[in-house]
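[1] Quick one: sequence and predicted model below, then my questions.
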Amino acid sequence: MLPGSRIRCLQAPQAPHPTSNLGPGESTKSNKARCRKVISQFPFAATVSFLFLWPLIWLARRVLDGAADGEGFIVLGGKGADAVGPAQDLGRLDGGPNGHACVHLRYTALLMLAITSLDNQWMGHPRSIAAALLESEGHRAIVDPGPGSTIETLRKQLHARGLSVRDLDALLLTHIHLDHAGASGALVRENPRLAVYVHKNGAPHMADPSKLLASALRLWPNELQQLFGETLPVPAENLRILEGGETLPLGSGKLEVVYTPGHASHHVSYFDHDEGVAFVGDTTGVRIEGHAYVMPATPPPDIDLKIWENSFTAILERKPARLFLTHFGFSENPAEHVLLFRERLHQWAEIAANSMRSASDESAAMASFMAATRAEIAEHLPAEEVEHYVFSAGLHLSFLGLARYLRKRAAAAF
Ligand SMILES: [Zn+2]
């Protein structure tokens, strides 16, 4: 389902197609087709009606959500969408079984996942780290909750939507880097029923983050606490191990898990095929919503440009309508985005290789790499954005990750 389809369905009970036009015995299917045809002629009216109807629908959903929670429905990793019953609840509320075909459309629309981008305001910077809140039928998951340092912001973001950490059912981690997953243990402490989904290679480091923290401390010897806050272990019983290839139900929506290494060896992406959104973490770099520039983020320890190619293919062959990036938000043209990112990724690897060849030592090579890439960023973005990108992606880390990859590749060639 493409973005915008929800608006069309929500418009359906309104004029110009009153439900009284449905003749006796007329099938839901034929009316649904007719309804779509009529509504497509009134996109403006549909949009206006959606804006007015949404508060009422939201209120109804909140009431239904409460009912669903009371009946103990299982969400991710549970019985699956078919075993979950909220569809009947919505049906009962909206009318009888042979009643209104357009009402049926509205009810169908509410079964899809609602996606909300939450700005974690990392280190006080808007548009640095985005968490995605996914909701369906009273069930809620967050893709990449962010670091421990932004947990208070996350709490406020949920609160502003009438939710708390205890209303969440699952965390879907794209990978375990602290800027994506660091808050997981603290969130589980607050809500012990949270399921934490993570690739099998990352799971041991969520259960025991000591090695993860030790390597982070080498990269940020003085700023670790300030940048990432508290990183607590996730109890083994809360972990749900992924390999890629799974389908996870969330209420009545579902997500395909795809293994997408390259940025990290344990990276996965989540695809919501109904909404056409791919939650790709850092697989396709850094691009702030609405900007044209795409910047690589290649931190150590396991950048691999060759393996990364398979991840680009896996994303593109699923033809998502939009990407959702942790840094930051939606990108509307995945094919163009991946093409730009892939080109720049290989250019930056070349810049790193040249810097390493020509500089006298590693720190001189890093300085040379950073000067060249910073100049390139400045060609594409206004001055105030350059530092923001450098900060969000960690430009010095991108050198360290590429340098390590290039050394490993050179060593393997002998
Ligand atoms: Zn990241």
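    It's in.
[2] quick one: contacts of stretch 350-361?
    For stretch 350-361, the surrounding residues in contact (Cβ atoms under 8 Å, 6 or more residues apart in numbering) are 362, 365-369, 372-373, 399, 402-403, 406. The C-beta positions use only the backbone N, C-alpha and C, and glycine is treated the same way.
[3] swap in stretch 371-388?
    Residues outside stretch 371-388 that contact it (Cβ under 8 Å, 6+ apart): 125, 127-128, 288, 291-293, 295, 348, 351, 355, 389-390, 395, 398.
[4] how about a cut-off of 6 Å?
    Outside of stretch 371-388, the residues within contact range by Cβ atoms under 6 Å, 6 or more residues apart in numbering are 293, 351, 389.
[5] In three-state terms, label the most centrally placed residue in the chain for me.
    Nearest to the mean C-alpha position of the chain, by Cα atoms, centre = their mean, lies residue 279 at 3.6 Å. At residue 279 the chain is in strand, as set by DSSP: H, G, I helix; E, B strand; the rest coil.
[6] could the contacts of stretch 350-361 be laid out in CSV, adding neighbour count, secondary structure and distance to the ion?
    Output for the contacts of stretch 350-361, formatted as CSV (neighbours: other Cβ atoms under 10 Å; DSSP: H, G, I helix; E, B strand; the rest coil; distance: Cβ to the ion, whole Å):
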residue, neighbour count, secondary structure, distance to the ion
362, 13, helix, 23
365, 20, helix, 23
366, 20, helix, 20
367, 14, helix, 23
368, 18, helix, 24
369, 25, helix, 19
372, 15, helix, 22
373, 24, helix, 17
399, 26, helix, 16
402, 26, helix, 16
403, 22, helix, 19
406, 18, helix, 21
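[7] Dump these to a markdown table, plus pLDDT.
    Output for the contacts of stretch 350-361, formatted as a markdown table (pLDDT from 0 to 100):
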| residue | pLDDT |
| --- | --- |
| 362 | 94 |
| 365 | 98 |
| 366 | 97 |
| 367 | 97 |
| 368 | 98 |
| 369 | 98 |
| 372 | 97 |
| 373 | 97 |
| 399 | 97 |
| 402 | 98 |
| 403 | 97 |
| 406 | 97 |
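[8] Closest one of these to residue 157?
    Nearest to residue 157 among the contacts of stretch 350-361: residue 373, at 31.9 Å, using Cβ to Cβ.
[9] now that closest one: how far from residue 350?
    11 Å (Cβ to Cβ, to the nearest Å).
[10] And for residue 273?
    For residue 273 relative to residue 350 (Cβ to Cβ), the value is 36 Å.
[11] cool, residue 293 as well?
    18 Å.
[12] The two - which one has more neighbours?
    residue 293 (18 against 11; other Cβ atoms under 10 Å).
[13] Which pLDDT value goes with the closest residue to the more buried one other than its chain neighbours?
    Among residues not flanking residue 293 along the chain, residue 380 sits closest, at 4.1 Å (Cβ to Cβ, 6 or more residues apart in numbering). Residue 380 is assigned a pLDDT of 96 by the prediction.
[14] sorry, back to before: now, which of the contacts of stretch 371-388 sits nearest residue 188?
    Of all those, residue 188 sits closest to residue 389, with 31.9 Å by Cβ to Cβ.
[15] Can you give me the distance of the residue nearest to residue 293 to residue 344?
    Per Cβ to Cβ, residue 380 is found 10 Å from residue 344.
[16] quick one, phi psi at whatever residue of the stretch 1-150 of the chain ends up closest to the ion?
    Nearest residue of the stretch 1-150 of the chain to the ion: residue 129, at 7.4 Å (Cβ to the ion). Dihedral angles phi and psi of residue 129 (degrees, to the nearest 10) take the values phi -130, psi 130.
[17] Roughly how far does it sit from residue 223?
    Shown here: residue 129 relative to residue 223, a distance of 16 Å by Cβ to Cβ.
[18] who's more crowded, the two?
    Each of residue 129 and residue 223 has its neighbours counted (other Cβ under 10 Å); residue 129 has more, 26 against 12.
[19] who touches the more buried one in this structure?
    120, 122, 146, 179.
[20] what residues go with each domain of the protein?
    The chain breaks down into these domains under automatic domain parsing: 9-106, 114-412.
[21] deepest of those, which one?
    Comparing the domains of the chain by mean neighbour count (mean count of other Cβ atoms under 10 Å), domain 114-412 ranks first with a mean of 19.
[22] need the least confident one among the domains of the chain, by mean pLDDT.
    domain 9-106 (a mean of 37).
[23] any idea how far residue 138 is from residue 178?
    The value you get for residue 178 to residue 138, if Cβ to Cβ is used, is 31 Å.
[24] Ok, residue 361 next?
    Residue 361 is 58 Å from residue 138, by Cβ to Cβ.
[25] what residues does the protein put near the ion?
    By Cβ under 5 Å from the ion, the residues of the chain that approach the ion are 179, 282.
[26] Recalculate using a threshold of 6 Å.
    The chain comes close to the ion at residues 177, 179-180, 282, 297, 326-327, as judged by Cβ under 6 Å from the ion.
[27] what about the strands in the stretch 151-300 of the chain?
    Using DSSP state E, counting those that start in this stretch, the strands of the stretch 151-300 of the chain run over 170-172, 195-199, 239-242, 247-250, 253-259, 268-272, 277-281.
[28] Which secondary structure elements does the last one sit against?
    What it means is strand 277-281. Packing partners of strand 277-281 (3 or more Cβ pairs under 6 Å, 6 or more residues apart in numbering; DSSP states H and E): strand 268-272, strand 322-325.
[29] Tell me which residue of the stretch 51-200 of the chain lies closest to the ion.
    Taking Cβ to the ion, the stretch 51-200 of the chain has residue 179 as its residue nearest the ion, at 4.5 Å.
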